[in-house]
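Q: Okay, sequence plus prediction incoming.
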Amino acid sequence: NAGVTQTPKFRILKIGQSMTLQCTQDMNHNYMYWYRQDPGMGLKLIYYSVGAGITDKGEVPNGYNVSRSTTEDFPLRLELAAPSQTSVYFCASSYGDLNTEAFFGQGTRLTVV
Amino acid sequence: KNEVEQSPQNLTAQEGEFITINCSYSVGISALHWLQQHPGGGIVSLFMLSSGKKKHGRLIATINIQEKHSSLHITASHPRDSAVYICAVRSASKLTFGTGTRLQVTL
């Protein structure tokens, strides 16, 4: 069972470069999320989506963009990478919102130099 | 003060010991999640609970809604339990995460 798949697992970017973190899930989940995890901090929500065609900002959206053209895919775009975006990024999905289990991808470790 | 506080931050135990990790929160919640993050980085959901107690193998999670407190217990701990355990609370359609408890179980 694939679950939530993130690619790549690791990436080094130079300041000002762009990249897309890919996330796909095969559980037909409506809700998808992007989080970032910084050392010593709890995960912070970047963007989320409640279904195809619908996205909304989380706590820390600046510097990122998302799209949700299909139920399965929820890519995260960094347009002009900055050192402050060095972090570990997690994609997650859940069938519903309230009181439903969340499934996480394996994470993407991004370093911006 | 963070909305979700976990204690202890770090915990070292010997194999076989009974372990307790605590989570306190300050907001009204609809559910609380316990997650496990292994050294490889992936996050796995262990429990989701909104009242009472749940058990899965050697893991037990309890929650006291009135006291805004949850505990994760591990019985007969084993080195493979070494991981970071994260508490997250669901409130107003969002999840707020604690900073995690790093557990190391030694032989």
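A: Structure received.
Q: What is the burial count for the residue in chain B that chain A sits nearest to?
A: Per Cβ to the nearest Cβ, B:Phe97 is where chain B lies closest to chain A, at 3.4 Å. The C-beta positions use only the backbone N, C-alpha and C, and glycine is treated the same way. If you count neighbours by other Cβ atoms under 10 Å in any protein chain shown, B:Phe97 ends up with 23.
Q: Can you list phi and psi of it for me?
A: B:Phe97 adopts backbone torsions of phi -100, psi 140, taken as degrees, to the nearest 10.
Q: Do I have it right that it meets B:Val4?
A: Yes: if you go by Cβ atoms under 8 Å, B:Phe97 and B:Val4 touch, sitting 6.4 Å apart.
Q: Find residues that contact each of the two.
A: A:Gly42, B:Cys87, B:Ala88 (Cβ atoms under 8 Å, 6 or more residues apart in numbering or on different chains).
Q: quick one, what contacts residue 59?
A: This is for chain A. Contacts of A:Glu59 (Cβ under 8 Å, 6+ apart): A:Lys44, A:Leu45, A:Ile46.
Q: Oops, wrong one, chain B.
A: B:Leu46, B:Phe47, B:Leu72, B:His73, B:Ile74, B:Thr75.
Q: so the second one is in which element?
A: Per DSSP states H and E, B:Phe47 falls inside strand B:43-49.
Q: buried ones in that strand?
A: Using 16 or more other Cβ atoms under 10 Å in any protein chain shown as the test for burial, strand B:43-49 gives B:Ile43, B:Ser45, B:Leu46, B:Phe47, B:Met48, B:Leu49.
Q: Not counting sequence-adjacent ones, nearest residue to the third one?
A: Residue nearest to B:Leu46 in three dimensions, not counting chain neighbours: B:Trp34, with 4.5 Å by Cβ to Cβ, 6 or more residues apart in numbering or on different chains.
Q: Give me the number of neighbouring residues for that neighbour.
A: 24.
Q: tell me the secondary structure for it?
A: Using DSSP: H, G, I helix; E, B strand; the rest coil, the secondary structure recorded for B:Trp34 is strand.
Q: So for it, what pLDDT did the model give?
A: pLDDT recorded at B:Trp34 is 97.
Q: same deal with the one 3 residues further on?
A: According to the predicted model, the pLDDT of B:Gln37 comes to 95.
Q: Contacts only, for the residue nearest to it when sequence neighbours are not counted.
A: Of all residues not flanking B:Gln37 in the chain, B:Val84 sits nearest, at 4.4 Å (Cβ to Cβ, 6+ apart). When contacts are counted by Cβ under 8 Å, 6+ apart, B:Val84 touches B:Gln36, B:Gln37, B:Gly100, B:Thr101, B:Arg102, B:Leu103.
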